[in-house]
Structures are given as C-alpha cells and as structure tokens.
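Visitor: What shape does this take:
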Amino acid sequence: MARAVRSGLPVPPIFARAVIFDPMPKIETEEISRLYNKLHPDRVLKFAEANELVIRNPDLTVRGHRHELRHDAESVFWLLLWWGIHACPRGNEAPSTIPAFAWTIMTTTSSDPRGGLLLKENCENIMDTQYDVLHGLLLSLAGDLRTDRYWATGIHADPEFIHEAFQ
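Guide: Next comes the predicted model:
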C-alpha cells in the first residue's frame, strides 16, 4: 500500500524549506520516442512542459488528504521492488543475500520506513546482481516517488503525472 494511504497523511517532504519534484523522465531512445509520440500524442503534449519544479518554503499544513490515483502507482512500485528483492534467478547456484536493513524495512508493521529505500545510497545491492537492469529502472521510478505530490502545483499535480512518468 502507498505510504501516504497507510499513514493517512501525505509523506512529509525531506527538506521543509523546499519541495522538489523531478521533471518528466525522457524516453531513452529515438525509436521508442517516435513510437510513443505516435501512439500517445495527447500525453506527450500534455506533459511536455513538466520540468523540475521547486516550491520554496511550502505550507506544510495538511488539508483534505485522501486516496488518489497516484497512490495506486506507488503501490505497484512497492510490489515490483518486493519481487525484485525476493526473487532468485533460476539456475543461480549462489544467490545473493538480501541485506538485513532491506528485509526489515520491507517487512516491518510497526511503522512505515520504506521511504528510506527510495534514497539511492540505500537502494544499492538490494537485489540479485542478475537483476541489475531492473535495479536501474527501480531507481528511476523511486525518483518520481521521493516527494509526495500533495504539495505539487501545475502539471506536477495532475493525477496522471506519476502514471505517465512510469510509462
């Protein structure tokens, strides 16, 4: 379940003086970009101007918090991460071990410390090395979830922003 839904409140920003939202991720290859533009021209236009957004000295008062579409995308992220940490590739005679801190963060029920796994330095070596490609993808997705969009404005506040970023 998404962190904000589980706690009943938006996830507080890491730094109280500024809330930073990453820009919309760029498509890695020209061929994929061309195909995506052809299939989803409306989405490309809608999110084209989603550059980095910095809100300085945000009002951290919480009003009217509720479950939103983006929380479902975050739940999918946590399920994918859970699978990536626990899955052992077939034929791997010497599987890597799950670091104790990652196991604790993903299985604790007394609090919700999962946000710590979204920090790049904590995401290193938490999956079997055969999943290195997936690891890079998860780091990218984590960047889009690091800051709760409760405080976002403009296109960054669009309910579909996270879903588009995950595309």
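
Visitor: next structured bit after the lowest-mean-pLDDT helix or strand in the chain?
Guide: Least confident helix or strand of the chain, by mean pLDDT, DSSP states H and E, is helix 120-123 with a mean of 56. Using DSSP states H and E, the next helix or strand after helix 120-123 towards the C-terminus is helix 132-145.

Visitor: How far away from the center of its chain is that next one?
Guide: 8 Å (CA atoms, centre = their mean, to the nearest Å).

Visitor: Not counting its own residues, what contacts the helix or strand that comes right after that helix?
Guide: Counting by DSSP H and E, the next helix or strand C-terminal to helix 132-145 is helix 161-166. Helix 161-166 has contacts (CB atoms under 8 Å, 6 or more residues apart in numbering) with 22, 24-25, 43, 46-47, 50, 69-70, 73-74, 76-77, 141, 144-145, 149, 152, 155. (C-beta placed from N, C-alpha, C; glycine too.)

Visitor: low-confidence ranges in the chain?
Guide: 1, 92-96, 103, 105-125 (pLDDT under 70).

Visitor: that older thread, can you select the buried ones among the contacts of helix 161-166 for me in ChimeraX?
Guide: In ChimeraX, a selection of the buried entries from the contacts of helix 161-166 looks like this (16 or more other CB atoms under 10 Å):
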select :22,24,25,43,46,47,50,70,73,74,77,141,144,145,149,152,155
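
Visitor: what about the longest helix in this protein?
Guide: Using DSSP state H, we find that the single longest helix of the chain is helix 69-86.

Visitor: what sits up against that helix?
Guide: Against helix 69-86 from outside (CB under 8 Å, 6+ apart): 1-5, 98, 102-103, 106, 114, 117, 126-127, 131, 134-135, 138, 141-142, 145, 149, 159-163, 166.

Visitor: 6 Å - rerun?
Guide: For helix 69-86, the external contacting residues (CB atoms under 6 Å, 6 or more residues apart in numbering) are 1-2, 5, 98, 102, 126-127, 131, 134, 138, 141, 145, 149, 159, 162-163, 166.

Visitor: swap in stretch 30-45?
Guide: Under CB under 6 Å, 6+ apart, the answer for stretch 30-45 is 27, 164.

Visitor: Noted, bye for now.
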